[in-house]
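A.B. asks: sequence first, then the predicted structure:
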2 protein chains.
Amino acid sequence: MVFMRFRPQLIFSSLPRAIPKPRTPPAATLAAAAARRRHHSTAVATSMAAPSEDALRRALAERQAAVDAQAEAVRTLKAGGGASKAQVDAAVEALKALKIDAGATARRLQQAVGAGAGGGGAAREELRQAVVNALERKLFYIPSFKIYRGVAGLYDYGPPGCRVKANVLSLWRQHFVLGENMLEVDCPCVTPEIVLKASGHVEKFTDLMVKDEKTGTCYRADHLLKDFCKEKLEKDLTLPQEKADEFKRILAILDDLSPEELGAKIKEYGIVAPDTKNPLSDPYPFNLMFQTSIGPTGLSVGYMRPETAQGIFVNFKDLYYYNGQKLPFAAAQIGRAFRNEISPRQGLLRVREFTLAEIEHFVDPEDKSHPKFVDVADLEFLMFPRELQLSGESAKLMKLGDAVSKGTVNNETLGYFIGRVYLFLILLGIDKGRLRFRQHLPNEMAHYAADCWDAEIECSYGWIECVGIADRSAYDLRAHSEKSGVPLVAHEKFSKPREVEKLVIVPSKKDLGLAFKGSQKMVLEALEAMSEKEALEMKAALETKGETNFNVCTLGKDVVITKKMVSISMEKKLEHQRVFTPSVIEPSFGIGRIIYCLFEHSFYTRPSKSEEEQLNVFRFPPLVAPIKCTVFPLVKNQEFDDAAKVIAKSLTTAGISHIIDTTAISIGRRYARTDEIGVPFAVTVDSPTNVTIRERDSKEQIRVDISEVAYVVKQLTEGQSTWADVSAKYPAHVGPQGDQE
Amino acid sequence: MVFMRFRPQLIFSSLPRAIPKPRTPPAATLAAAAARRRHHSTAVATSMAAPSEDALRRALAERQAAVDAQAEAVRTLKAGGGASKAQVDAAVEALKALKIDAGATARRLQQAVGAGAGGGGAAREELRQAVVNALERKLFYIPSFKIYRGVAGLYDYGPPGCRVKANVLSLWRQHFVLGENMLEVDCPCVTPEIVLKASGHVEKFTDLMVKDEKTGTCYRADHLLKDFCKEKLEKDLTLPQEKADEFKRILAILDDLSPEELGAKIKEYGIVAPDTKNPLSDPYPFNLMFQTSIGPTGLSVGYMRPETAQGIFVNFKDLYYYNGQKLPFAAAQIGRAFRNEISPRQGLLRVREFTLAEIEHFVDPEDKSHPKFVDVADLEFLMFPRELQLSGESAKLMKLGDAVSKGTVNNETLGYFIGRVYLFLILLGIDKGRLRFRQHLPNEMAHYAADCWDAEIECSYGWIECVGIADRSAYDLRAHSEKSGVPLVAHEKFSKPREVEKLVIVPSKKDLGLAFKGSQKMVLEALEAMSEKEALEMKAALETKGETNFNVCTLGKDVVITKKMVSISMEKKLEHQRVFTPSVIEPSFGIGRIIYCLFEHSFYTRPSKSEEEQLNVFRFPPLVAPIKCTVFPLVKNQEFDDAAKVIAKSLTTAGISHIIDTTAISIGRRYARTDEIGVPFAVTVDSPTNVTIRERDSKEQIRVDISEVAYVVKQLTEGQSTWADVSAKYPAHVGPQGDQE
């Protein structure tokens, strides 16, 4: 399993970028297993939640047995006729007490199961429903092509969602591309087959699928098995312990199952098509890329890219030259990626088209230090290294500097990006208590990867992989070098030439030809391909015995090599530079997932003034908020309208997104309307010269001169001032304007 | 031809969005013609360039005839033997003079042909080559998948190009979305077939293709015919006048030719495959959309969207409600669009994947005034209304306000967007002398369109459509209403209800049933479907004669209707609102084309200091420049390096993209290197406290204190100060730093 080559990062972009032939287990099994190793975090979490649940399950089984025994006793007492009424009553009371006890245990078990990661949980479902309703009502997003009844897994961002997305991407550019002087590129989505053959996607980017044998409806095989096991564990409280353990084991190894094993389990449990109850086909791999054809001939296969990273790798050579042939440097790309999910679920988290922001940081494999690591070394946040996961513990607060110095995180550069990702997510408004960095377990990781960490954000769906940060070593550049024949390498010029000993093998074509005739070429190639050790052994043998046996595997036999057929020597050479394939450290951001988690983390409700209803609020930080500011004339009045227009114009000039709301509804209603889309500041025009600015979450108001409004709002929304700063500077307003009706 | 329904806008996104059945000409001919009506502007321009060229062609033919006659005379003189040497010499001299004269005319003709729009022209080719070399060398763009030998029509933006694109899009958002409070949406590229059937793309978004009959290589049929005609016109100077006229006529009507006509011309002229000289197939339509399959069943056809507009139309209902059910409002979308070109040419101008920015402004068809039109009414720029095109004149300077008031531009809203587009393009740095707004000719325009104007920018490829601004009336919303069954309409509530007379037709089912039995339903439906006129005639007939003949087309015969079978009356009703389909005014921006033209307009060369070479400069405005500022320590020195780091940090904080260049080459070389990617300002650190800032185009320098550098550069790059402002404020620097080695 150690040689499993897999690329697990974002659930939707996690993929076996390349799964070369493994050395021990049969390729097909491994490939399929790797290709489906996507829910690993969920699976692990499920198996982690065990201890108290197991105990409860045992306790429940005991209590249920006691109830059954007592019920039997009661029946016996009643049937025998010999027992007094008092005896029977006492026995019935005892039975009732046992039932109450069993019932309580069942409820506790139910709770324990519900609270387990990945489980629904009524509170989570309720939160999700409230958030999703608020988002849909205000067009943060819209199921795409809704008037044509939509397409599963495709969503539009409506006006406020689209602005949030643009703000998140703009912050990303500021924080990463500008902040780190990265080289940003912008490549097409349509990608020719050869590129994705080199990356391994054409062969391995698959999920296992089963078909309803009568209707042809398709399902993800692992989803059906997972649902079956979870349903049993959650709903069937009387499940025998050994069965419960079996289902948990399956959930934990779900992604490692071969198509045959998966098919066997589906048969064994009698799992049928959920919609029709029809039997299912055997599982078979389905490639998740959208295929198309480039040009008019129909002969040139293309795919919609499943990730943006390949566009960077194929440009490595040009980018390296652009960067003055210096390492390290990073390239970045923001763009659409596509994945033809078999049956998309989990709303905005698993979609067929999504925005990725990816960074490929190219670095000398012999020096992964980072000059700016010191800037992030003191950050402290939840980390979940593999040791804690394997020992059943929880994530814990760690200092990044310690994690790197203790070797928990493989190297400084990887650590630096973990720190920068943390800062970015916090800047957006992600709750740091619901953010952790989880290290990949050994069997999750590609054999070539040095280390991998996922930024996971907790939301109503459980812990969700939102950013993957992987040290992928030289794998990707090598794959494209091999396929394209273009060397994707870097050079280190030595300050003074270094003397190195080099093996030199010079076969004598003439003598080989005379001895081996038609087989000459194979022998020659085998000689040239000898390792240093083999060559030195041969050299010794030839010097002592004059000849030696030599196995030519392309001929499938040994031949005799004599001294004159080959000259072998170690020569001293001066080397002026080192040529090597750079390692790549890849932070990869699922923008849509981050935004969805941000929606959940930003959402809260508070009672209206009359306390008759709960009002929705999104507490977006000003930088992220879709609209920074609303302008309300307090009452319909020419003077106020004119003042509002003056303010709006100054806001436009300052580049601050805003809306004027002149509807004739109460100011409280209008505030509630802006809270619902997370507008952080509201300007109420209650005088032609001097207005109030209200902060969304505190509902505090200050009074500001009209001419200063745009300046104050700009300072607040661009982060130069906090609300505390401006409250200290401007007078508070405690006026008659009602808030939150 | 008036009923031709076509959507000609951006060349690469121009398309027959829907080509319903025309009333007179055969559908196939029209559809094909419309589908290829893309080069109209070129075609028109070619036919416009005629007068002096025609005269030269006639003059050349006369001179050539004179040369031939004189040559014959010389031969006769020589052959006869009776002529003196002096006579022969004189005749030969005369022949020489005639030849010189003919040669000069041929050169003038050559020039006239070359200068014609669409023609290459050596100077244009040279400019293009210089720009393209500069762009490729600095990775403004890169042919995609270059290490795999690329794919025609796909390009990456490299680091500076990617930043220019991001800046252009950010300005677009600022200028249009924020400036006009538009509702921006973000929809998927993968689009189900039904949406593109409704829009007409599945049926009509085609080009005519011919195949090399032996190798299968595909060509655009119209391109081959166009190339043939242009080649003849440009290279064959002895072309008889009638032939030249014929080729010009073909170029002008190229887009109107049916597949049969196109095929016939290809046969007539003996046009063969350019690469192999093999014969060609007949032309047939090829759909330009990239097709794919959504979901795993393979049964659900999808396409990569050919434009972003449809995503807005299908969301009209939600957006209208979001906007408080008020008109007008605009929605916008920036995104990728795809077009599987048969054989892409013209480099960055005709590509298979590109970024569009589209606006759909929904407006009451009865009121297309615009409250902010006054803000743009005084703008004056080159306009090319259809009258000028048809009379062979050139574009001329017009005031936008006059163009609208005289009816040249159909309405204020369309005029307003023309003005805003003009301001946007000028803001980016497009040369106003090479920008014109060309109105579509009647046969270019869809029958439903009220008016259409293209912003055309002149570059080395000729005049290129970069923005289309079309009043598309209610067409798109109606098409999706019909296909989806969801009414996409707006409501106008009347301030007081209006009394209207309405026709009420009430058939008597019982009497119809008795009379017509099984045919009852058809008769009933036909009665209900009567127009007001038909109904009133029937009412009159029934009142006078008691019965009347009535044609039921679904039965294919007349039936007799009696008085008791139907009651027809005009009733007065109070209406509270008007329900209507909004008109849409659509500005659609081809971002890649605008950027390419911007590259050409921004490019110039100037001699190096030694005057030994020409150096490339891009004069991007600071807002567009990929990097705003470079920082150079004058010499390698710890103090200067530290100062450079302080400046860099303050620039990062201020959000200004910059690079530090510490390479040990001369300052002049370093300036030249930044000029080459259009960096507007260079900071040279020649003191630890006080540095110089150099402006790219004037090469002037000022001295600024380190602490003020970021502020000054921010003011300059965000447009709050001009170079003149800061030169007035800070001392000029005339130091020893050499510029441009």
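C.D. replies: Happy to help now that I have it.
A.B. asks: quick one: A:K557 and A:N551 touch, right?
C.D. replies: Yes - when contacts are counted by Cβ atoms under 8 Å, A:K557 is listed as touching A:N551 (7.5 Å). Every residue, glycine included, has its C-beta placed from N, CA and C.
A.B. asks: chain neighbours aside, what residue packs nearest to A:K368?
C.D. replies: Leaving aside its sequence neighbours, A:K368 sits nearest to A:N411 (Cβ to Cβ, 6 or more residues apart in numbering or on different chains; 3.7 Å).
A.B. asks: correction: the previous question concerned A:I677.
C.D. replies: A:P160 is the one closest to A:I677 (Cβ to Cβ, 6+ apart), at 4.8 Å.
A.B. asks: what lines up beside the lengthiest strand in chain A in the sheet?
C.D. replies: In chain A, assigned by DSSP state E, the strand with the most residues is strand A:490-507. When sheet partners are counted by DSSP bridges, strand A:490-507 sits next to strand A:566-580 (antiparallel).
A.B. asks: any buried residues in the strand it pairs with, and which?
C.D. replies: When burial is assessed from 16 or more other Cβ atoms under 10 Å in any protein chain shown, strand A:566-580 yields the following buried residues: A:V566, A:I568.
A.B. asks: what's next to that strand, contact-wise?
C.D. replies: Residues outside strand A:566-580 that contact it (Cβ atoms under 8 Å, 6 or more residues apart in numbering or on different chains): A:364-366, A:474, A:489-494, A:497-508, A:527, A:535-536, A:538-539, A:542.
A.B. asks: off-centre distance for it?
C.D. replies: With Cα atoms, centre = their mean, to the nearest Å as the basis, strand A:566-580 stands 45 Å off its chain's centre.
A.B. asks: stretch A:156-175 too?
C.D. replies: Counting by Cα atoms, centre = their mean, stretch A:156-175 is centred 19 Å from the centre of its parent chain.
A.B. asks: do stretch A:214-224 as well
C.D. replies: Going by Cα atoms, centre = their mean, where stretch A:214-224 is centred and where its chain is centred differ by 25 Å.
A.B. asks: so for the helix or strand where the residue nearest to A:I677 lies, mean pLDDT?
C.D. replies: Counting by DSSP states H and E, the element that carries A:P160 is helix A:159-172. Helix A:159-172 carries an average pLDDT of 96.
A.B. asks: who does that helix touch, helix- and strand-wise?
C.D. replies: strand A:353-363, helix A:412-428, helix A:591-602, strand B:183-184 (3 or more Cβ pairs under 8 Å, 6 or more residues apart in numbering or on different chains; DSSP states H and E).
A.B. asks: nearest approach to B:A122 belongs to which of these?
C.D. replies: Closest approach to B:A122 among the helices and strands packed on helix A:159-172 (Cβ to Cβ): strand A:353-363, 42.8 Å.
A.B. asks: can you list the strands that that closest one pairs with?
C.D. replies: Within its sheet, and counting by DSSP bridges, strand A:353-363 is paired with strand A:329-338 (antiparallel), strand A:583-590 (antiparallel).
A.B. asks: most packed of the ones you listed?
C.D. replies: Of all the strands paired with strand A:353-363, strand A:583-590 carries the top mean neighbour count, a mean of 26, counting by mean count of other Cβ atoms under 10 Å in any protein chain shown.
A.B. asks: just the angle for it relative to helix A:591-602, thanks.
C.D. replies: 50 degrees (axes from the mean of the first three to the mean of the last three Cα atoms, to 10 degrees).
A.B. asks: which parts of the stretch 1-150 of chain A sit against chain B?
C.D. replies: A:K138, A:L139, A:I142, A:S144, A:F145, A:K146, A:I147, A:Y148 (Cβ under 8 Å from any Cβ of the partner chain).
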